[in-house]
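>>> attaching a predicted model along with its sequence, questions to come.
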Amino acid sequence: MWDYTGKVMDHFRNPRNVGVIANPDGVGEVGSLACGDALKLMFKLDQDGRIAEAKFQTFGCASAIASSSALTEIVKGMTLEQAAKVTNQDIAEYLGGLPEQKMHCSVMGREALEAAIENYRSGSTEKIILGGKVICNCFGVTEEEIERVVRENGLSTIEQVTNYTKAGGGCGKCKPDIARILEKVVLERLEAERKTGAKTATRKMSVMEKIRLIEQTIEREIRPLLKKDGGDIELIDVEGNRVKVALRGMCAGCNVAHFTLKDVVEVKLREFVSSDLTVEEVRE
Amino acid sequence: MKTVYLDNNATSSVAPEVIEVMLPYFRDQWGNPSSMHIFGGQVKKPLDRAREQVAALIHADPSEIIFTSCGTESDNAAIRGGVEAAGPKFNVVTTRVEHPAVLGPCRYLGERGRRLHEIGVDSSGQLDLVQLGEALREGPALVSIMWANNETGVIFPIDEIARMVKAAGGVFHTDAVQAAGKLPIDVRKIPVDMLSISGHKLHAPKGIGVLFVRRGTRLQPFMLGGHQEDNRRAGTENVPYIVGLGRAAEMAREAMATEMTQVATLRNRLEAGLLATCPDTCVNGDRVNRLPNTANISFEYIEGESILYMMSDVGIAASSGSACTSGSLEPSHVLRAMGVPFTAVHGSVRFSLSRYTTRDEIDYTLDRLPPIISRLRSISPFVKK
């Protein structure tokens, strides 16, 4: 069984605001039967433009029902400007947290809310589909959506993106695309940190310490992964935060080597050594 | 709270008689059967007896029984060890609806250069024998095809399949983890080369399995480093569990008639009752060639995890093929291979009974489940009022 909080189970067992509103001001529908969860959210505004009533219908697991119920409780009494700022983390926090693999339920709540507000503003009764190019065909997740969830939740691995958006959880063909989006957002994040001069909380390491840690991480975390595919890696040099490596065996000259370098080597080094490392390939 | 356990294909309760026969081998007779002293000597006979009891369940010779640590080990040992012994020319043939314990090793071999065929099934979950015939014509193969499916209970025509494989010069392994103890199995009549059994599916504890290897079958041992099990599976014998499994196999043999009559009757009562009281509900899989204890039912427009949690709240335990319960985002590969629509896959629930299931428990389920289904449907956006 999942490790659901008491609050999740309460909202699952006794969901608040289930049903439909006769003449809603906004309706948002996201998900589908094929995907395994779907949410239809409706709201009605009072004279002051605040959400007087919010109702939902959900097809999904316990945490999907609980997230929908929580969402309606959160937005009641809000203006649309306030509601537009509600994030998936707000929904998860309201429930005392969700298991990592179930975070996509909170994202579905935020998406439905966004779709309902958009429906109110544009007056369109069409089912709202959030924009951008579809990256994950299995679950119909767009580039825009992935980028936004990565940004709002500070994600850094493909697995996290799958847990939060389902993207990559089907056939897995879109994983290189997800890696590309992650790389872009993570670089932006690092850039922003540099500009504001924000320091990471980690203690400053000596050069020797850093090199040792990089070597250990390569040995323990990275090399076994590459060896599975007949490849190998060698640490060539470390200049500041630039880690120079050479790919060996099957990895050398492999046409997804760039993906390996960024998604495996860099992600692992950032996770285990320091979040401001960048990895470069040295070709001889 | 009253509890009703209808998830026996996942694991089954350990029979009290089984626990009873195991206890002395923890307390007093804890010797190593290989030892040349009284401690070893006193556990040798019980081990032989257990081997006879298990052999009797499938009409094998005791020398053809290898004890393993679980059904998954048996499957891995048979497939990987069978392919290795058979030589580099052998292909691998399996089905799209196998348990992961079979699909895993087969795909592993496929990734390492073996030609791999995964045979499909029709909408009732029955195997495409034409496709199997074509795969067998492509050269000698190790074929691993389950006796009965764990999710739907569908029974494959294993006799016909085994004969096809043998006629084509192949090696045939069957994962009989769900069939053993629920269906009569006679390896004297059906030409299987290897057959896997798992203890905890037939009221023995977890951590004990069996691989039947027909005399003369070539097998490269999977576990190396000891002479045990006639040099076919190294490692000190798990004496108490082996003794327990022996007793469980004996009890299963004695209760075989009960499976076919009492258990099937209760399963049919549950199935008919649910179909009658819950609209938009259907049974997945061949209803004729099916294990007597299994019913896989789809409740359309609602999701399996929600159903399971609400059932659990009233003490009823079952399982589901929905994505949320599979540990991944993909729903049941078995139901998808059968072409069951997504609307039905996500709301599928597997009920699996045992000879300990009572009529009272089935009636309790028939009383409690329909309100749960209609409650979840009242929340679903897909149900048209």
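Great, that's in hand. The shown structure was predicted, so the numbers you read here are calculated from the model rather than taken from an experiment. Residues are numbered from 1 along each chain as shown, chains lettered A, B, ... in the order given.

>>> which stretches of chain B form strands?
With DSSP state E as the criterion, chain B has strands at B:4-5, B:65-68, B:91-95, B:116-119, B:141-144, B:171-175, B:194-198, B:209-213, B:281-283, B:294-299, B:316-317, B:319-320, B:348-352.

>>> out of those, flag the one nearest residue B:310.
Each of the strands of chain B has some distance to residue B:310 by CB to CB; the shortest is strand B:316-317, at 9.1 Å. Any C-beta I mention is one placed from the backbone N, CA and C, and that applies to glycine too.

>>> point out the other helices and strands that the closest one packs with.
For strand B:316-317, the elements it packs on are strand B:4-5, helix B:359-379, judged by 3 or more CB pairs under 8 Å, 6 or more residues apart in numbering or on different chains; DSSP states H and E.

>>> direction included, what does that strand pair against?
Pairing partners of strand B:316-317, with direction, according to DSSP bridges: strand B:4-5 (parallel).

>>> now do the contacts for whatever residue of the stretch 101-250 of chain A ends up closest to chain B.
For the stretch 101-250 of chain A and chain B, the shortest gap (CB to the nearest CB) falls at residue A:169, measuring 3.3 Å. For residue A:169, the contacting residues are A:136, A:138-139, A:162, B:328-330, taking CB atoms under 8 Å, 6 or more residues apart in numbering or on different chains as the criterion.

>>> out of those, which end up buried?
Neighbour-count burial (16 or more other CB atoms under 10 Å in any protein chain shown) applied to the contacts of residue A:169 gives A:136, A:138-139, A:162, B:329.

>>> from the residues you listed, which land in helices?
residue A:162 (DSSP state H).

>>> between the buried ones among the contacts of residue A:169, which is nearest residue B:55?
Looking across the buried ones among the contacts of residue A:169 and measuring by CB to CB, the closest to residue B:55 is residue B:329, at 43.0 Å.

>>> so residue A:245 is in which element?
When elements are assigned from DSSP states H and E, residue A:245 belongs to strand A:242-249.

>>> which residues are contacting the next helix-or-strand element following that strand?
Per DSSP H and E, the first helix or strand lying C-terminal to strand A:242-249 is helix A:257-259. For helix A:257-259, contacts defined as CB under 8 Å, 6+ apart pick out A:176, A:179, A:247, A:251, A:281.

>>> kindly recompute the last result at 10 Å.
Helix A:257-259 is touched from outside by A:175-176, A:179-180, A:183, A:231, A:247, A:250-251, A:265, A:281, A:283, with contacts defined as CB atoms under 10 Å, 6 or more residues apart in numbering or on different chains.

>>> can you pull the pLDDT of residue A:125?
At residue A:125 the predicted local confidence, pLDDT, stands at 55.

>>> and for residue B:165?
97.

>>> which regions of the stretch 101-250 of chain B lie under the pLDDT threshold?
By pLDDT under 70, the stretch 101-250 of chain B has no low-scoring segment.

>>> in it, which residue sits closest to chain A?
Of the residues in the stretch 101-250 of chain B, the one nearest chain A is residue B:111, at a distance of 10.2 Å by CB to the nearest CB.

>>> ok, that residue to residue B:26 distance?
With distances defined as CB to CB, to the nearest Å, the gap from residue B:111 to residue B:26 amounts to 42 Å.

>>> got it, and residue B:300?
Note on residue B:300: its distance to residue B:26, by CB to CB, is 49 Å.

>>> compare these two and say which one has the larger neighbour count.
Set side by side, residue B:300 and residue B:26 give different neighbour counts by other CB atoms under 10 Å in any protein chain shown, the larger being at residue B:300 (22 against 10).

>>> and the nearest residue to the more buried one once chain neighbours are set aside, what pLDDT?
Nearest residue to residue B:300, sequence neighbours excluded (CB to CB, 6 or more residues apart in numbering or on different chains): residue B:280, at 4.2 Å. What the model reports as pLDDT for residue B:280 is 94.

>>> per-residue confidence at the nearest residue to residue B:262 once chain neighbours are set aside?
Nearest residue to residue B:262, sequence neighbours excluded (CB to CB, 6+ apart): residue B:355, at 6.9 Å. Residue-level confidence at residue B:355 comes out at 96, pLDDT.

>>> what's the distance between residue B:355 and chain A?
26 Å (CB to the nearest CB, to the nearest Å).

>>> who are the contact partners of that residue?
Listed by CB under 10 Å, 6+ apart, the contact set of residue B:355 reads B:8, B:12, B:15, B:181-182, B:202-203, B:251-252, B:255-256, B:258-259, B:262-263, B:266, B:292-293.

>>> now swap in residue A:227 and tell me
So, once contact is read as CB under 10 Å, 6+ apart, residue A:227 ends up touching A:233, A:249-251.

>>> flag the least confident of these.
Among the contacts of residue A:227, residue A:251 has the lowest pLDDT, at 71.

>>> show the contacting residues for that one.
For residue A:251, the residues meeting the contact criterion (CB under 10 Å, 6+ apart) are A:226-227, A:229-233, A:245, A:257, A:260-261, A:264-265, A:281.

>>> can you flag the buried ones in those residues?
Burial by neighbour count, 16+ other CB under 10 Å: within the contacts of residue A:251 this picks out A:226, A:231-233, A:245, A:257, A:260-261, A:264-265, A:281.

>>> turn these into TSV, including distance to residue B:350 and secondary structure.
Formatted as TSV, the entries for the buried ones among the contacts of residue A:251 read as follows, by distance: CB to CB, whole Å; DSSP: H, G, I helix; E, B strand; the rest coil:
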residue	distance to residue B:350	secondary structure
A:226	40	helix
A:231	41	strand
A:232	45	strand
A:233	45	strand
A:245	49	strand
A:257	44	helix
A:260	40	helix
A:261	44	helix
A:264	38	helix
A:265	43	helix
A:281	49	strand
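
>>> just send those residues back as CSV, with distance to residue A:274 too.
Listed next are the buried ones among the contacts of residue A:251 as CSV, based on distance: CB to CB, whole Å:
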residue, distance to residue A:274
A:226, 21
A:231, 24
A:232, 23
A:233, 18
A:245, 15
A:257, 23
A:260, 20
A:261, 17
A:264, 17
A:265, 14
A:281, 19
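
>>> what is the nearest of those residues to residue A:209?
Using CB to CB, residue A:245 comes nearest to residue A:209 of those, at 18.6 Å.

>>> show me the contacts for the residue in chain B positioned nearest to chain A.
Of chain B, the residue with the smallest distance to chain A, taken as CB to the nearest CB, is residue B:329 at 3.3 Å. If a contact means CB under 10 Å, 6+ apart, then residue B:329 has A:35-36, A:101, A:104, A:138-139, A:162-163, A:166-170, B:323 as its contacts.

>>> out of the residues you listed, which sit inside helices?
When helices are assigned by DSSP H, the members of those inside them are A:104, A:162-163.

>>> restrict those residues to contacts with chain B.
With CB under 10 Å from any CB of the partner chain as the criterion, the subset of the ones in helices among the contacts of residue B:329 in contact with chain B comprises A:104, A:162-163.

>>> let's have those in a markdown table, adding pLDDT.
Conversion of those to a markdown table gives the following (pLDDT from 0 to 100):
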| residue | pLDDT |
| --- | --- |
| A:104 | 92 |
| A:162 | 91 |
| A:163 | 90 |
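
>>> residue B:370: which of these is nearest?
Distance from residue B:370 was checked for each of those by CB to CB. The minimum falls on residue A:104, at 30.1 Å.

>>> grab the nearest non-local neighbour of that closest one.
The spatially closest residue to residue A:104, leaving aside those adjacent along the chain, is residue A:166, at 5.1 Å (CB to CB, 6+ apart).

>>> next: residue B:14.
residue B:205 (5.1 Å).

>>> report the contact partners of residue 17.
No chain was given, so I picked chain A. Going by CB under 10 Å, 6+ apart, residue A:17 touches A:41-43, A:53-56, A:68-69, A:71-73, A:75-76.

>>> was after chain B, sorry
Listed by CB under 10 Å, 6+ apart, the contact partners of residue B:17 are B:203, B:244, B:247-248, B:250-251.
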